[in-house]
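K.L.:
Can you look at this prediction? I've put the sequence above it.
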Amino acid sequence: QLRLVESGGGLVHAGESLRLSCVASGFNLDYYAIGWFRQAPGKERKGVLCINSNGHITNYTDSVKGRFTISRDNAKNTVYLQMNNLKPEDTADYYCAEGPCGSSWLRFKTWGQGTQVTVSS
């Protein structure tokens with residue numbers, strides 16, 4: 001059974017950093033693209049960054065450019081989202097999912113349970 005589990009969320013102050021982890025089980029992550037998405041309260045789920053099997057990165061939103069990076073460690077079956085210089089508007093539930101980078105979140109099939117990120121001003 002394919003499974004993704006996120007961790008690393010928390011409450012931080014503006015300007016601080018967090019690193020989210022997405023650990024896969026039940027499949028070899030080497031061959032899959034993984035995206036990070038976020039959903040703020042009352043808002044639509046939106047893409048953040050996605051990395052495909054050969055390391056190519058797709059950026060879904062200009063608001064994280066220069067602050068967030070995505071990486072993968074296939075040996076650990078894990079994809080990371082490094083978030084620096086966090087802003088209150090980054091507050092959301094963050095999810096990782098398996099699917100085609102660059103596509104709408106609707107095309108991503110396997111999802112984690114999410115991890116909450118709260119940034120105070």
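P.N.:
Cool, the structure landed.
K.L.:
Now do the same for residue 30: its pLDDT.
P.N.:
For residue 30, the pLDDT comes out at 89.
K.L.:
typo on my end, residue 40
P.N.:
pLDDT, read off for residue 40, is 96.
K.L.:
Which residues does the nearest residue to it once chain neighbours are set aside form beta bridges with?
P.N.:
Closest residue in space to residue 40, ignoring its immediate chain neighbours: residue 92 at 4.3 Å, by CB to CB, 6 or more residues apart in numbering. To be clear about C-beta, it is placed using only N, CA and C from the backbone, and glycine gets the same treatment. Counting by DSSP bridges, residue 92 is bridged to residue 117.
K.L.:
before we move on, what about residue 4?
P.N.:
Applying DSSP bridges, one finds that residue 4 bridges with residue 24.
K.L.:
List the buried residues for stretch 34-41?
P.N.:
By neighbour count on 16 or more other CB atoms under 10 Å, the buried set for stretch 34-41 is 34, 35, 36, 37, 38.
K.L.:
Which residue ranges of the protein form strands?
P.N.:
With DSSP state E, the ranges of strands along the chain come out as 3-7, 10-13, 18-25, 34-39, 46-51, 57-59, 68-73, 78-83, 92-98, 110-111, 115-120.
K.L.:
residues contacting the residue nearest the centre of the chain?
P.N.:
The residue lying closest to the centre of the chain (CA atoms, centre = their mean) is residue 36, at 2.5 Å. Applying CB atoms under 8 Å, 6 or more residues apart in numbering, we find residue 36 in contact with 20, 22, 47, 48, 49, 50, 70, 79, 81, 94, 95, 96.
K.L.:
quick one: it and residue 51, what's the gap?
P.N.:
Using CB to CB, to the nearest Å, residue 36 is found at 9 Å from residue 51.
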